Structure formats: structure tokens, C-alpha cells
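Participant: Please work out how this folds:
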Amino acid sequence: MKQLQCLSFLLILFLSLSSSSAQNTSKTGGFPWEQVVISQVYGGGGNTSAPYQNDFIELINRGGTSVNLTGWSVQYTSAAGVSWNSTSLSGTISPYGYYLIQEAAGSSCAGSPCGAVLPTPDNTGTLTMSASAGKVALVKTSGYRYEHRGFRRVRHQRKLL
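Facilitator: Just a heads-up that it's a prediction; the model follows:
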């Protein structure tokens with residue numbers, strides 16, 4: 001009888017822990033800073049052998065509701081930098097949707113950018129991002145950094161959606 005009680009207790013404990021941890025890993029909480037995150041960063045656009053003409057930052061909305069990005073910005077600094085430059089955002093990002101921010105283009109090919117044209121962006125800016133390393137942040141007007149990503153050059157590029 002004691003073994004059955006012990007097993008029942010352990011089973012209840014296991015089920016309660018597994019359900020709460022499953023909720024924690026999949027939950028976005030409905031807060032915009034948990035829903036909208038940086039999904040891709042690309043620097044070095046328009047340089048010799050670049051696959052794209054422009055640098056870009058792509059956001060994804062992981063939640064089930066639209067998020068108004070007015071008052072948000074993406075910010076960039078070099079890998080060792082402390083001074084951030086920004087692109088202001090506007091509009092909304094649909095549930096489970098992407099938001100493409102086109103940034104500066106290089107001019108390594110006879111004064112013109114090299115590489116393919118990006119899909120139509122949701123926003124444009126003038127950030128010139130390094131092809132090798134840097135830091136990008138997603139920021140609300142208040143200055144609170146929702147997400148901060150460092151990046152470095154990788155050999156294999158994922159195709160832009």
C-alpha cells in the first residue's frame with residue numbers, strides 16, 4: 001500500500017512538473033517582447049561575392065496576435081562597439097509573420113551593389129553592418145532592450161524567405 005501511495009505521489013509530481021515545463025518552453029506570454037524576436041541578421045550586403053545587395057535584419061512574431069512596432073527600433077554596433085546606431089520601425093507584424101528591415105547596400109561592384117535584390121522590405125534603414133561580426137538589438141522607445149544578438153560570419157547562409 002505504501003508503495004502504491006509513493007508511486008501515485010511520484011506520478012502526480014512528474015505530471016505537474018512536466019506540464020509546467022512544457023508550458024514554459026512554448027509560452028510567449030502574450031507580451032510583445034516575448035513574441036517578436038530577431039530571426040536573421042545579415043551584414044556585408046552589396047560587397048564582392050555577397051549573396052544580397054543589402055544588409056538586413058529580419059524579425060519574427062512567434063505569437064498568435066499582431067504586434068504594433070511603432071516606437072520600436074533595431075540597433076547595431078560593431079563587435080567591440082558601445083555606440084549604437086538605429087533604424088526606427090513602424091507598422092505591425094502579423095501573428096507568426098516575418099518583418100524584413102532592409103539596411104545599407106555596399107558598392108564593391110563598379111560602384112554598384114553586388115548580389116541579389118532583397119524581397120520587398122517592410123521597413124528600410126541606413127545601418128551599415130559588418131560582414132564579419134557585430135551586435136544587433138531590438139529596442140522599445142523606452143530604451144529597454146528586448147532582444148540582443150551578437151553575430152559573426154558563417155560559411156553557410158540560409159536562404160531568405
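Participant: Break down this protein into its helices, ranges please.
Facilitator: Assigned by DSSP state H, the chain shows helices spanning 2-26, 32-35.
Participant: among the ones you listed, which gets the worst mean confidence?
Facilitator: Sorting the helices of the chain by mean pLDDT places helix 2-26 lowest, at a mean of 37.
Participant: In contact with the nearest residue to N123 once chain neighbours are set aside, which residues?
Facilitator: Excluding its sequence neighbours, the residue lying closest to N123 (Cβ to Cβ, 6 or more residues apart in numbering) is I101, at 4.7 Å. (C-beta placed from N, C-alpha, C; glycine too.) The contact partners of I101, by Cβ atoms under 8 Å, 6 or more residues apart in numbering, come to F56, I57, E58, L59, V74, T87, L89, P121, D122, N123, T124, G125.
Participant: Next, the contact list for Q35, please.
Facilitator: With Cβ under 8 Å, 6+ apart, Q35 has these contacts: T28, N61, R62, G63, T65, V67.
Participant: Ok, S90 next?
Facilitator: L69, T70, N123.
Participant: ok, the last one touching L89?
Facilitator: When you say that, I think you mean N123. Yes. With contact defined as Cβ atoms under 8 Å, N123 reaches L89; the gap is 5.6 Å.
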